[in-house]
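**Q** What follows is a predicted structure for the sequence shown.
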Amino acid sequence: MTELATDLHPNKALAHHFTDMPQQREAVTLGMWLFLATEVMLFGAIFLAYTVYRHQYFDSFRAAGGHLFVSFGTINTCVLLTSSLMMALAVHAAHQGDSKKIVRYVLLTILFGAIFLGIKMTEYVIDTREGLVPLNGWWKAQSPDLRVDREMRLFFVFYFTMTLLHAIHMTIGMAILAVIAWFAHRKRFSAEDYNPVDVTGLYWHFVDIVWVFLFPALYLVHPEMHLFK
Amino acid sequence: MSSIPYYPAAERPQTYLNWSYRVKSWLFTRDHKRIAILYMLSITLFFFIGGAAAVVMRLHLLTPDGTLVQADTYNRLFTLHGVVMVFFFLIPSIPAVLGNFLIPLMIGAKDLAFPRLNLASWYFYMVGGLCAVIALVAGGVDTGWTFYTPYSSIYSNTNVVWAIAGIFLAGFSSIFTGLNFIVTMHKMRAPGMTWFKMPLFCWSHYATSIIQVLATPVVAITLVLVIIERVFHAGIFDPSLGGDPVLFQHMFWFYSHPAVYIMVLPGMAVVSEIIPCFARKPIFGYSFIAFSSVAIAVFGFLVWGHHMFVSGESMYSALIFSALSFSVAIPSAVKVFNWTATLYKGSISSATPMLYALGFIGLFTMGGLTGLFLATLGIDVHVHDTYFIIAHFHYIMVGGAVMAYLGGLHFWWPKITGRMYPEFMGKISAFIIFLGFNLTFFPQFLLGYLGMPRRYHSYPPEMQVLNVLSSAGASILAVGYLLPLGYFIWSLRYGKIAPTNPYLATGLEWQTTSPPPPENFDVPPIVTEGPYRYDLMVSQLGTPLIAEGARIQTTGSAVK
Ligand SMILES: [Cu+2]
């Protein structure tokens, strides 16, 4: 019956159960915003847990934060914001119905995302060498005080959980963007029908914003971190 | 009731059930009605798995020193019962079956906004459900459905990770369902179907969906943290590594208290449809009921701390959580008063759905009022973790949600299957369930008050009488649940063919054929009247099947 119904619609992009394109567009956009709300709650809960311990173990968390590489974090923030800019340009191109530009900017978005992940990997490797991975056998004591040491270990539990969760979200985003680029290449989008680019953009910007919160929460908590002075 | 024309098999109208019989047409369907049926079959399976565990537990508790199963097995049984009933039966029950089937019909849409997501939600649910059930049955889990740390993280050497992974997956199915409902109600309403012309069923599901969308991700990440904790000994909830087990309780109940409303708000949705239909009166205080649903959803997010009154919560937060928990009683009572006011001077008939709805009102009120006992700090310290709380939440979840689910299933059975259920058997089993339920759970209030703790596999001999009563009730309840299973299946073949509108009810779902065509309406509906216009309807039997008074016109001009 689905096949039958789509035949009736002149527009192939319109799913059978919607009456017109604006309705479909609004529904999809609202759906994405709701999904982002669930993501806010997902990350929100883990930020809450982090904040509880950051408050409880104030000094140890600050000391632990000092072991992260602010330079890596700062560069990565710039890289990710640039990828967001590329995404914004892709959305702009989509509004104009310029498929070539969509492909170009979406690929650039993916490229900057990949650079981000590459830098993050490098950082993980260095973290591992420094014994900052909070697993039995991997963790090297960071403080002679046992209590401080285990609190610093807890910081790194959150550091790895949160950044990995973020990296998973980025990877999913890049996979979706690859599909978008393919569709754009096949001329699936037009100035009237660009919504998939739009909502993927929303998702990508959200993932970037999560990093914008992660960066200060994890990297900038050390008292000797005078980046802006 | 007027007879409907008899069609020879070849000329029978095409319905969502008979347009294709291939297995593929079911497993890859994007029709919300078929997905609802898939959900119905699967939650029925899970319900009887969870129920079987309860039966074994009640048999075991017939004697004080429990000889039937060992203490370890008993722990696994109550975990199995709790996990399956909460996550794989109650949470999806009404929304994923009745909500899925009815919301597009009620608002005059062809489908939910995201049909593929809807199907994906069922697959997530099934994979999660099978994963958890296999973990719970083969080997078992002994933490209780709450997975409190450090039971779940350090002290259990059972299949905790698999059970949690299953719940995590099912959580996505719940999020997808809620997201779909919200978008559908915002964007897919038929012309003329304003927010305040929507049936209260939709309002209640809207409130439910808000909770599903906003609360479920929190428990999802919490469960992930428990897995990380368990597999890597991370220490997030382990005091010996600097973590705090009470943080788990906060995060868990931030979802699991609102989850109670995921279970009961859809029950209220069903009751709000059944009561006016069988009282033949417009619902009393429509907007109060609508907004009280939203209020329950909002207040529900602010009361989780009442689960931690004895977990070392500070006096001041306990006071605030206590006060906020009391405040949830207000919107709940608003609903009960409005339903009873609807009954006042109505021409009440005692059809099976109505019996369930009336049962719901009574039992929900009992459950709600005993909830106020538990919100009272002093009493909670006395009855915390006793059978009192078990009785309380079973009054809400079994007396409330399950009664409503069964009521709704009877009410819309003709619409869903095109067949009538046998009325006499329906009434008998409604009475059996009501009787069995009260006999099972009322003694548990007394047991809890006397101090019998939950989750114990043995008890002092002087508590045996009440325990035997409870077990006797459980066996009656089991019969009550098996009867509908039997006669519903029987009715598929031998039930009377259902007319379009067997109860002369208002609402768009009763305007389309039983069962509906694949695209729900042969002509796209245009809505001109509000819901529940039973006052305009001639309530004699034999009147035209299209509810005249409802004056919901379906015009020939397709809406584009
Ligand atoms: Cu609660």
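**A** Looks like it came in fine. Note that the structure is a prediction, hence the values are computed from the model and not measured. Numbering: from 1, shown residues only, chains lettered A, B, ... in the order given.
**Q** residues of the longest helix along chain A that come out buried?
**A** For chain A, the helix with the greatest residue count under DSSP state H is helix A:146-185. By 16 or more other Cβ atoms under 10 Å in any protein chain shown, the buried positions in helix A:146-185 come out as A:148-163, A:165-167, A:169-170, A:173-174, A:176-177, A:180-181, A:183-184. Where C-beta positions appear, they are placed from N, C-alpha and C, glycine not excepted.
**Q** distance between that helix and the chain's centre?
**A** Its chain's average C-alpha position is 7 Å from that of helix A:146-185, according to Cα atoms, centre = their mean, to the nearest Å.
**Q** Same question for stretch B:234-246.
**A** The answer for stretch B:234-246 is 34 Å, by Cα atoms, centre = their mean.
**Q** Wait, B:K197 touches B:Y532, no?
**A** No - B:K197 lies out of contact with B:Y532 (Cβ atoms under 8 Å); the separation is 10.1 Å.
**Q** More neighbours: these two, which one.
**A** B:Y532 (24 against 19; other Cβ atoms under 10 Å in any protein chain shown).
**Q** Might one say that the more buried one is in contact with B:I283?
**A** Yes - using Cβ under 8 Å, B:Y532 is in contact with B:I283, at 4.7 Å.
**Q** Give the intersection of the neighbour lists for these two.
**A** Contact with both B:Y532 and B:I283 is made by residues B:P276, according to Cβ atoms under 8 Å, 6 or more residues apart in numbering or on different chains.
**Q** Look up how far B:P266 lies from the residue in the stretch 201-350 of chain B positioned nearest to chain A.
**A** The stretch 201-350 of chain B approaches chain A most closely through B:P217 (3.8 Å), counting by Cβ to the nearest Cβ. Separation of B:P217 from B:P266 (Cβ to Cβ, to the nearest Å): 20 Å.
**Q** swap in B:W26?
**A** Distance from B:W26 to B:P266, counting by Cβ to Cβ: 24 Å.
**Q** what's the answer for B:G66, then?
**A** Taking Cβ to Cβ, one finds B:G66 at 36 Å from B:P266.
**Q** cool, and B:W339?
**A** 15 Å.
**Q** Same question for A:T171.
**A** 36 Å.
**Q** give the contact list for the residue most central in space within chain A.
**A** Among the residues of chain A, the one closest to the centroid is A:V207, at 2.6 Å (Cα atoms, centre = their mean). If you count contacts by Cβ under 8 Å, 6+ apart, A:V207 has them with A:166, A:169-170, A:173.
**Q** for A:Y124, same thing?
**A** A:Y124 touches nothing, counting by Cβ under 8 Å, 6+ apart.
**Q** So for whichever strand or helix holds it, what gets flagged as buried?
**A** Per DSSP states H and E, A:Y124 falls inside helix A:99-129. Neighbour-count burial for helix A:99-129 flags A:99, A:101-110, A:112-113, A:115-117, A:119-120, A:123-124, A:127 (criterion: 16+ other Cβ under 10 Å).
**Q** And it, how far out from the chain middle?
**A** 11 Å.
**Q** now stretch B:494-502
**A** 26 Å.
**Q** Just the terminal-to-terminal distance for that stretch.
**A** 17 Å (Cα to Cα, to the nearest Å).
**Q** for it, which positions count as buried?
**A** Neighbour-count burial for stretch B:494-502 flags B:495-496, B:498-502 (criterion: 16+ other Cβ under 10 Å).
**Q** so which two of the residues you listed are the farthest from each other?
**A** Farthest-apart pair in the buried residues of stretch B:494-502 is B:G495 and B:N501; separation 16.5 Å (Cβ to Cβ).
**Q** who's in contact with residue 104?
**A** Picking chain A for this. Going by Cβ under 8 Å, 6+ apart, the list of residues near A:R104 reads A:A93.
**Q** hm, I was asking about chain B
**A** B:P104 neighbours (Cβ under 8 Å, 6+ apart): B:32, B:110-112, B:184, B:188, B:520.
**Q** Could you dump the residues you listed into JSON lines with secondary structure and pLDDT added?
**A** Formatted as JSON lines, these follow (DSSP: H, G, I helix; E, B strand; the rest coil; pLDDT from 0 to 100):
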{"residue": "B:H32", "secondary structure": "helix", "pLDDT": "96"}
{"residue": "B:K110", "secondary structure": "coil", "pLDDT": "94"}
{"residue": "B:D111", "secondary structure": "coil", "pLDDT": "95"}
{"residue": "B:L112", "secondary structure": "coil", "pLDDT": "96"}
{"residue": "B:T184", "secondary structure": "helix", "pLDDT": "97"}
{"residue": "B:M188", "secondary structure": "coil", "pLDDT": "95"}
{"residue": "B:N520", "secondary structure": "coil", "pLDDT": "93"}
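**Q** Let's have the residues you listed in CSV, adding distance to B:F232 and neighbour count.
**A** CSV is the format used below for the contacts of B:P104 (distance: Cβ to Cβ, whole Å; neighbours: other Cβ atoms under 10 Å in any protein chain shown):
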residue, distance to B:F232, neighbour count
B:H32, 41, 27
B:K110, 48, 22
B:D111, 43, 25
B:L112, 39, 28
B:T184, 41, 28
B:M188, 45, 22
B:N520, 50, 23
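**Q** now, which of those lie close to chain A?
**A** Contacts with chain A within those, as defined by Cβ under 8 Å from any Cβ of the partner chain: B:110-112, B:184, B:188.
**Q** need the longest helix for chain B.
**A** helix B:245-279.
**Q** Give me the more crowded residue out of B:G66 and B:P266.
**A** Applying other Cβ under 10 Å to B:G66 and B:P266 shows that B:P266 carries more neighbours, namely 31 against 18.
**Q** residue ranges with poor pLDDT in chain A?
**A** Counting by pLDDT under 70, the ranges of chain A that qualify are A:1-11, A:224-229.
**Q** What of chain B?
**A** B:1-12, B:537-560.
**Q** Could you identify the helix or strand that succeeds whichever strand or helix holds B:A404?
**A** Using DSSP H and E, B:A404 sits in helix B:403-417. Scanning forward in sequence from helix B:403-417 by DSSP H and E, the next helix or strand is helix B:423-450.
**Q** May I see the buried residues of the very next helix or strand once past that next one?
**A** Moving toward the C-terminus from helix B:423-450, the next helix or strand (DSSP H and E) is helix B:464-494. By 16+ other Cβ under 10 Å, the buried positions in helix B:464-494 come out as B:466-467, B:469-474, B:476-478, B:480-481, B:483-484, B:487-488, B:491.
**Q** What of stretch B:288-305?
**A** B:288-290, B:292-297, B:299-305.
**Q** Can you give me the buried ones in stretch B:66-81?
**A** Per 16+ other Cβ under 10 Å, stretch B:66-81 contains these buried residues: B:66, B:69, B:74-81.
**Q** taking those residues one by one, which sit in strands?
**A** Residues of the buried residues of stretch B:66-81 located in strands (DSSP state E): none.
**Q** give the contact list for B:V383.
**A** B:V383 neighbours (Cβ under 8 Å, 6+ apart): B:373-374, B:389, B:448-449.
**Q** can we see that at 7 Å?
**A** B:374, B:389, B:448-449 (Cβ atoms under 7 Å, 6 or more residues apart in numbering or on different chains).
**Q** Save these as JSON lines, and put in distance to B:M193 and neighbour count too.
**A** As requested, the contacts of B:V383 are exported to JSON lines (distance: Cβ to Cβ, whole Å; neighbours: other Cβ under 10 Å):
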{"residue": "B:L374", "distance to B:M193": "40", "neighbour count": "20"}
{"residue": "B:I389", "distance to B:M193": "41", "neighbour count": "21"}
{"residue": "B:G448", "distance to B:M193": "46", "neighbour count": "24"}
{"residue": "B:Y449", "distance to B:M193": "49", "neighbour count": "16"}
